[in-house]
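Q: mind folding the following:
(2 chains)
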Protein chains: 2
Amino acid sequence: MKVSQKPPFRTCCMIAFGGNDMHLDKESATPLYLQMYLRIRDDIEQGTYPCGAKLPSIRSMAENLQCSRNTVEAAYTHLVKEGFVASRPGSGYVVQDVGMLEVGTQRTEEALIGTTADGARYDFTYGNLEAGTFPALLWRTIADEVLMGAASSACNTYTDPLGEKDLRAEIAWRLATQRDVNCTPDEVVIQSGTQSSVQNLLCLFDHERDVVAMEEPGYDGVRTTFERSGFRVVPCRVVPGLANSDGRKLFFEDLEQHRPRLVYVTPSSQFPTCAVMPAVMRERLIAWADETDAYILEDDYCRDFRYRERPIPPLQSFDRNNRVIYMGTFSKSLSPALRMNYLVLPPNLMKRWREAFSEAYPTVPWLSQEVLARFMASDHWERHVRRMQVRNRRKFETLISALDRYLGGRVEVLENGTGLHLLVAVNDGRDEDELIRAAAERDVAVYGTKKYWMDPAKSRRGCILIGFSAIAEKDIEPGIKELARAWFD
Amino acid sequence: MKVSQKPPFRTCCMIAFGGNDMHLDKESATPLYLQMYLRIRDDIEQGTYPCGAKLPSIRSMAENLQCSRNTVEAAYTHLVKEGFVASRPGSGYVVQDVGMLEVGTQRTEEALIGTTADGARYDFTYGNLEAGTFPALLWRTIADEVLMGAASSACNTYTDPLGEKDLRAEIAWRLATQRDVNCTPDEVVIQSGTQSSVQNLLCLFDHERDVVAMEEPGYDGVRTTFERSGFRVVPCRVVPGLANSDGRKLFFEDLEQHRPRLVYVTPSSQFPTCAVMPAVMRERLIAWADETDAYILEDDYCRDFRYRERPIPPLQSFDRNNRVIYMGTFSKSLSPALRMNYLVLPPNLMKRWREAFSEAYPTVPWLSQEVLARFMASDHWERHVRRMQVRNRRKFETLISALDRYLGGRVEVLENGTGLHLLVAVNDGRDEDELIRAAAERDVAVYGTKKYWMDPAKSRRGCILIGFSAIAEKDIEPGIKELARAWFD
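A: Residues are numbered from 1 along each chain as shown, chains lettered A, B, ... in the order given. Here you go, the predicted model:
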């Protein structure tokens, strides 16, 4: 740990962070200690406040800002806990060497123990988020506010089965303004995860008559939900690639042949191939649904994470005849443990949903909904999402360059500048089990792709999934280096 | 408000509450203000600390207990907020006139506005709980502890699809020791409400081959779930009463005729008739399931609330051949807005559940589960449940005596000393719509029972549901008085 000899920090009169004065707003609903914590953290993260600088003493900070010492102490304690600042006997509170991502890294180390199922040193798992990314302090503060306020009487009642109105309004507003999704709050339904929302959606279909289709390969969690609910599932091929004309041809051939009533697709980043569905194919898919009276379930699970090009508008925005059900989630940008996602239903299905679920209760706790609604209504939300986007973009770039450096020329990398994983194909005849085993021997966890195929015999041999949402940035390069040794030494 | 002229409170040296000294445990994980709040509240509720007494001033309390004034102020503020204590200029903090139930009443008034859908002055709704009963302060404290602790890294991950181990252990331990349910934590599955757990359970059955049965009349929320999932539902009559031999005869006749594969029953308090299934019938039902290879879904939603006799052991405890699925909920004893219940599956079904949901994620947020687990592991849990039992028993007794006083001889009261509602039959030819309308004109909300019948034509005419879980005790007698006027003046 470097400690600069001349901390550029002034401890008297004006408390300057990153060139700006700090003002605490005593009228704000945000507690003073939280205001202080957020302000200092931002200045550290933006690099305007350098490593080695000392924070003012608790006493002088409290005097200068005319707040209590408890307030300053609470803010400092959280900064220490999350690794932004170290408390050193004799030196006071010293800013640590943290770039935006090192922050995450430092927060991570303790917590990561246990998140790696097999305890691999380098775990390229998919789905989980990096430890320390959940904004626990903000969540706690808002939850406190909700539980101690008048609204908390809702804890004693059955609430709106469609979800809380204020949360649906926040979601609808963002979808309409940021994602080109046509919707009003009344068309949004809050649900407790992709699988249970698919299960509920299927109640509007007829398992005896209606066939459902999904991409092949595709997300197995949705496939098993279809199967569990007693529907016949048919595969529509997206390989050799949605983006080229062959892939498109096969996909539509399969649709024509099976005549499904509902087709599940992941246009913004096809799972698991990462292909982006081109606009022309989106239009054709909508036209097909119009013609055949079918519905499209568009799972836009990963829209926030796109690292090279601007996203294409979702299928839903092309929809003129109520054919598209749009689905989004908070699992990738906020927390997979929150169990919250949403559906945007076209008016005709919304009417049937209301009938089918007229006697139902919601499946998501009122408190989670209310806290999330207030979080989204605050400035903190956009900043949180941007933070996650920057973090994932940096990890993606680190991963790409590590793959190039250590495995370049020896494997084929399948990615599209989207999502939270990519695929790596080892074309020397080894199958995924061999490759996973070899990696595990060097303490690297990577994952197979066979299970995403309804017909695993057709899966591409030696195609490995490498996720980067859970691993710390600093572990990516050494992890890929080890992987290269494991596979080719 | 009475203020005693001679508060029996000593403000010096030893702070005596109910004859005991107060000690704050500075090493405890429970914050000091919360310890103080809980201690004073208990003494007020137990009547050891009388109405009109004054609490010591914040300053002297802080000095005597050697804690900060902020701590005392936080405790007092919560006591004031919840109506235990009033803050009077010049007199300090004065204990209010609160019996255990008046406490609820006082906490209620502000919050109740808005919980009554139609805004009726006296709302005998069923299902919702009384405002103020949710232990928001404890919940908040535990949630803070969880979110600020090392465990909070789970917020970034997908957690156990069966539910958190510690919560399942708490539930299993209570079921085994307090309810005669045979189970281990591995047989408990955490779910997000009765309807979604029934929907999930149905994934283990075959909608083409398996018929499901339910009591007639019975809980419409489960019936619509069966229907939504595409199962054929058959009614098994429980009227003129499960408890007499006719009722038993009809129920088993219907079972024999339809040969269902799954039958949904509510033995501890049949919904909506409140009948308790006698032990002999429980044995017969188990024997029937053994013989016909059928399953029984036992919904023990209201086991905690039994006001006259001790409960009969659940069907599950009679089960020797893996025929019973036991279901319980936290909606009646803790919060309907929490959306948490559980299933206890017999080993054969548990095995199939694990297979069917092997790719599934949990539907209940990790944080809710973790907070509830820690709540249940603390002393506070049993006290909370006892408090709810005492509260509901008093409301039940108040309701029964009000019905006797104002409607005695003019209506038939159908109850069994169980549950959170009872039925009132008006036998003069008026139907439920007329009776509900008449009551509404006097600002009393009561509810119909026709919707609980698959064949509403067979429902009993003029049979009205009166719930007492949401209404404040003090409103019960005036509400019934108004109801008598509405119906018979």
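Q: name the residues of the stretch 251-400 of chain A found near chain B, please.
A: Listed as neighbours of chain B in the stretch 251-400 of chain A under the rule Cβ under 8 Å from any Cβ of the partner chain: A:331, A:335-340, A:356-368. Heads up, the C-betas are built off the backbone N, CA and C, glycines and all.
Q: go with 6 Å
A: Residues of the stretch 251-400 of chain A lying close to chain B (Cβ under 6 Å from any Cβ of the partner chain) are A:335-339, A:356, A:359-361, A:363, A:365-366, A:368.
Q: pretty sure A:Ile312 contacts A:Pro278?
A: No - if you go by Cβ atoms under 6 Å, A:Ile312 and A:Pro278 don't touch, sitting 7.4 Å apart.
Q: neighbour count winner among these two?
A: Neighbours were tallied for A:Ile312 and for A:Pro278 using other Cβ atoms under 10 Å in any protein chain shown; the higher tally belongs to A:Ile312 (18 against 15).
Q: spell out the secondary structure type for the more buried one.
A: For A:Ile312, the secondary-structure state derived from DSSP: H, G, I helix; E, B strand; the rest coil is coil.
Q: what sits closest to it if chain neighbours are left out?
A: Nearest in space to A:Ile312, with sequence neighbours left out and distances taken as Cβ to Cβ, 6 or more residues apart in numbering or on different chains, is A:Ala279 at 5.4 Å.
Q: and for A:Ser87?
A: With sequence-adjacent residues excluded and distances taken as Cβ to Cβ, 6+ apart, A:Ser87 is closest to A:Val80, at 5.2 Å.
Q: and what of A:Thr184?
A: Ranked by Cβ to Cβ, 6+ apart and with sequence neighbours excluded, the top spatial neighbour of A:Thr184 is A:Ala172, at 5.9 Å.
Q: I'd say the one you found and A:Pro185 touch.
A: Yes - taking contacts as Cβ under 6 Å, A:Ala172 lies within contact range of A:Pro185: 4.4 Å.
Q: those two: who's more crowded?
A: Between A:Ala172 and A:Pro185, counted using other Cβ under 10 Å, A:Ala172 has the larger neighbour count: 20 against 17.
Q: dump the residue contacts of that one.
A: Residues in contact with A:Ala172, defined by Cβ atoms under 6 Å, 6 or more residues apart in numbering or on different chains, are A:Cys183, A:Thr184, A:Pro185, A:Val188.
Q: which of those residues lies closest to B:Leu255?
A: Nearest to B:Leu255 out of these is A:Val188 (Cβ to Cβ; 42.7 Å).
Q: tell me the phi and psi of that closest one?
A: When read as degrees, to the nearest 10, the backbone of A:Val188 gives phi -100, psi 130.
Q: and the nearest residue to it once chain neighbours are set aside, how many neighbours?
A: Spatially, and ignoring its direct neighbours in sequence, A:Val188 is nearest to A:Arg168 (4.2 Å; Cβ to Cβ, 6+ apart). Using other Cβ under 10 Å as the criterion, A:Arg168 is surrounded by 24 other residues.
Q: A:Arg168 contacts A:Thr184, doesn't it?
A: No - assessed by Cβ under 6 Å, A:Arg168 is found out of contact with A:Thr184, at 8.9 Å.
Q: that older thread, tell me how far the residue nearest to A:Ile312 lies from A:Arg308.
A: A:Ala279 sits at a distance of 16 Å from A:Arg308 (criterion: Cβ to Cβ, to the nearest Å).
Q: so which of the two has more stuff around it?
A: The residue with the greater number of neighbours, taking A:Ala279 and A:Arg308 and applying other Cβ under 10 Å, is A:Ala279; the counts read 13 against 10.
Q: before we move on, what SS does A:Glu477 have?
A: Secondary structure assignment for A:Glu477 (three-state DSSP): helix.
Q: quick revisit: assign the residue nearest to A:Thr184 to helix, strand or coil.
A: Taken by three-state DSSP, the conformation at A:Ala172 corresponds to helix.
Q: domains for chain A, by residue range?
A: According to automatic domain parsing, chain A is divided into the following domains: A:16-98, A:110-134+A:382-488, A:157-378.
Q: mean confidence for the first one?
A: Predicted confidence along domain A:16-98 averages 77 (mean pLDDT).
Q: same question, the second one
A: Here domain A:110-134+A:382-488 scores 91 as its mean pLDDT.
Q: what's the answer for the longest one, then?
A: pLDDT averaged over domain A:157-378 equals 93, rounded to a whole number.
Q: number of nearby residues for A:Pro50?
A: Look at A:Pro50: counted by other Cβ under 10 Å, it has 16 neighbours.
Q: and the gap between it and chain B?
A: A:Pro50 sits 28 Å away from chain B, going by Cβ to the nearest Cβ, to the nearest Å.
Q: and that residue, what element?
A: In this assignment (DSSP states H and E), A:Pro50 forms part of neither any helix nor any strand.
Q: most neighbours of all the contacts of A:Ala172, which one?
A: In terms of neighbour count, A:Val188 stands highest of those at 26 neighbours, by other Cβ under 10 Å.
Q: does the residue lying closest to A:Met277 once chain neighbours are set aside fall in a helix, a strand, or a coil region?
A: In space, and not counting its chain neighbours, A:Met277 is closest to A:Pro267: 3.8 Å by Cβ to Cβ, 6+ apart. Using three-state DSSP, the secondary structure recorded for A:Pro267 is coil.
Q: which helix or strand contains A:Ala62?
A: Using DSSP H and E, the secondary-structure element containing A:Ala62 is helix A:58-65.
Q: so what does that helix touch, helix or strand wise?
A: On a contact count with 3 or more Cβ pairs under 6 Å, 6 or more residues apart in numbering or on different chains; DSSP states H and E, helix A:58-65 meets helix A:69-81.
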